[in-house]
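Q: just to be clear, the model below is a prediction. Sequence and coordinates:
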Amino acid sequence: MDGWALSGPGPWRLPTGTKGQDHPGILAGHGETAPLPDGHAVRIATGARVPPGATAVLRSEYGTDAGDGWLHASAAHLVVLGQDIRTRGQECRSGDQLLPAGTLVTPAVLGLAAAAGYDELPTVRRPRVEVLVLGDELLTEGLPHDGRIRDALGPMVGPWLRALGAEVVGTRRLADEADAVYAAVAESSADVVVTTGGTAAGPVDHVHPTLRRLGAELLVDGVAVRPGHPMLLARLARESAGSAGNPGSPGDPESLGNPRSPGNPRSPGNPRSPGNPRSHGNSESAEPPKAAESPERPSRPARHLVGLPGNPLAAVSGLLTLAEPLLRTLTGRPAPDPGPAPLAEAVQGHPRDTRLVPVTFRQDTAVPLRFNGPAMLRGIAVADGLAVIPPGGAKRGTEVDVLDLPWSASATEQPSHTDQARQRTAQATDGEDISPQEGPA
């Protein structure tokens, strides 16, 4: 804060310059200065080191230098001990944890790291994802005609995955041919392959046959969710390679059997519970091979495939309940806490499966949106999230979990629904508002 560093109560004696020049004062970026005697003041710039002996800083607009060598404080602004002095350790102390592991590196995180003296940060790179859009019936431009429809997923899935933190290396459109699908998946260098369509058991649904040919392990093969029940998650078999896996690659989770998917038949518990990896690192054994064994060739890190249904809203269900927890686990990010919201009106349920219904938030309630069929995007286009409706439905006022969309909070710079629910709970618990004290500037 530009002004004067003070020692003790005023008025304060000001230093005299040399040869008729004003005293330059203390500037930012300079070393430690001489101690300030009691009853004295010296000019100081914002960010400069406070001299030993200083007890407060008086802002320029609150002090008067009449030219007689004395500084007087305005009667309306009494000097308080320590005012406008940023004390050492005010924000953090040596040994404090500034951020937990798994924190997303935002511009603010980079600034904090630099301010704390870090030159480098250990990070996990974004998972590389390739999108394969399957379907002979899809058009890339113009209006639907002659039994063919527009490809809605090609333009949508890539940007959605980027919003989830992935590096999308490309989006390819494939014909409904078994060999073409097999070659595309087998030859992809991405950490995660995301397919759209072809996950059911129809005559041109080639995802399951491709996974069998590749020796993949199915982690999730269909879920009790509408829309989206044919979604799947598979771990592709490791392949020997001429060189080791890409350094800094995302961690290889050993167990992804309990993703965020509501109604996952392998785990019917918490609908937002992600898989808990046994190892987030891309670890390799440090022990040398035994004498009787020949060393193995390095293998590429295990890759994963997320199979999204071809219906657009069903694909959105898979993005939020399979792709999001997979990408989060690969990068070691923590799972968000569920944020329940009361329904503004009753929602009809499926007799056996969980439903995911687009909702918007209005006066702290979740308002169900129309156009929530598996092939529809009109509802999700204006939604804030997907409400998790249990089998049989939910009455008005029932609190249900809401899966936030990746941009529902960031685009408006507002807290996510989960954060808003947590804030409402805290306010109801505390019963009073606490105004933070303004610290020294």
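A: Great, that's in hand. Since the model is a prediction, treat every value here as computed from it, not as a measurement. Numbers count the residues shown, from 1 in each chain.
Q: what are the phi and psi values at Val131?
A: Dihedral pair for Val131: phi -110, psi 130, per degrees, to the nearest 10.
Q: actually Asp176, not the one I typed
A: phi -80, psi 70.
Q: so who does it touch?
A: Asp176 sits next to 134-136, 198, 204, 206 when contact means Cβ atoms under 8 Å, 6 or more residues apart in numbering. Heads up, the C-betas are built off the backbone N, CA and C, glycines and all.
Q: show me where the chain dips below the pLDDT cut-off.
A: In the predicted model of the chain, residues 17-22, 238-301, 338, 409-441 satisfy pLDDT under 70.
Q: which of the contacts of Asp176 are buried, as a PyMOL select command?
A: Buried residues among the contacts of Asp176 (16 or more other Cβ atoms under 10 Å), as a PyMOL selection:
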select buried, resi 134+135+198+204+206
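Q: wait, is Arg235 part of a strand?
A: Yes. Assessed with DSSP: H, G, I helix; E, B strand; the rest coil, Arg235 lies in a strand.
Q: what number of residues are in the vicinity of it?
A: By other Cβ atoms under 10 Å, 19 other residues sit near Arg235.
Q: quick check: it touching Ala216?
A: Yes. Arg235 is within contact range of Ala216, at 6.4 Å (criterion: Cβ atoms under 8 Å).
Q: that older thread, which one among the contacts of Asp176 gets closest to Leu71?
A: Closest approach to Leu71 among the contacts of Asp176 (Cβ to Cβ): Leu134, at 77.7 Å.
Q: quick one, what contacts the closest one?
A: Counting by Cβ under 8 Å, 6+ apart, Leu134 has contacts 173-174, 176, 181, 195-198, 206-207, 310.
Q: tell me the bridge partners for it.
A: Assessed by DSSP bridges, Leu134 has beta-bridge partners Leu174.
Q: that one and Arg213, how far apart?
A: Separation of Leu134 from Arg213 (Cβ to Cβ, to the nearest Å): 16 Å.
Q: next one: Leu405
A: With Cβ to Cβ as the criterion, Leu405 and Arg213 are 35 Å apart.
Q: compare the two (neighbour count), which wins?
A: Leu405 (22 against 15).
Q: from memory the more buried one sits against Gly379, does it?
A: No. The pair Leu405 / Gly379 is not scored as a contact, 11.9 Å apart, by Cβ under 8 Å.
Q: which residue is nearest the centroid of the protein?
A: Centroid-nearest residue in the chain: Leu104, 5.7 Å away (criterion: Cα atoms, centre = their mean).
Q: give me phi/psi at the closest residue to that one other than its chain neighbours?
A: The shortest distance from Leu104 to any non-neighbouring residue, by Cβ to Cβ, 6 or more residues apart in numbering, is to Arg333 (6.7 Å). When read as degrees, to the nearest 10, the backbone of Arg333 gives phi -80, psi 140.
Q: surely Arg333 meets Gly102?
A: Yes. In this structure, Arg333 is within contact of Gly102 by Cβ under 8 Å, at 4.6 Å.
Q: who's more crowded, these two?
A: The neighbour comparison of Arg333 against Gly102 (other Cβ under 10 Å) goes to Arg333, with 18 against 13.
Q: from Val400, how far off is Val367?
A: From Val367 across to Val400, the span is 12 Å (Cβ to Cβ).
Q: pick out whichever of these two has more residues nearby.
A: Legend: neighbour count by other Cβ under 10 Å for Val367 and Val400, higher for Val400 (20 against 17).
Q: quickly list what the more buried one is bridged to.
A: Residues in beta-bridge contact with Val400 (DSSP bridges): Ala341.
Q: look up how far Asp337 lies from it.
A: 15 Å.
Q: just Ala201 next, same as before
A: 37 Å.
Q: returning to what we had before: quick check: phi and psi on the residue nearest to the centre of the chain?
A: The phi/psi pair for Leu104 (degrees, to the nearest 10) is phi -70, psi 130.
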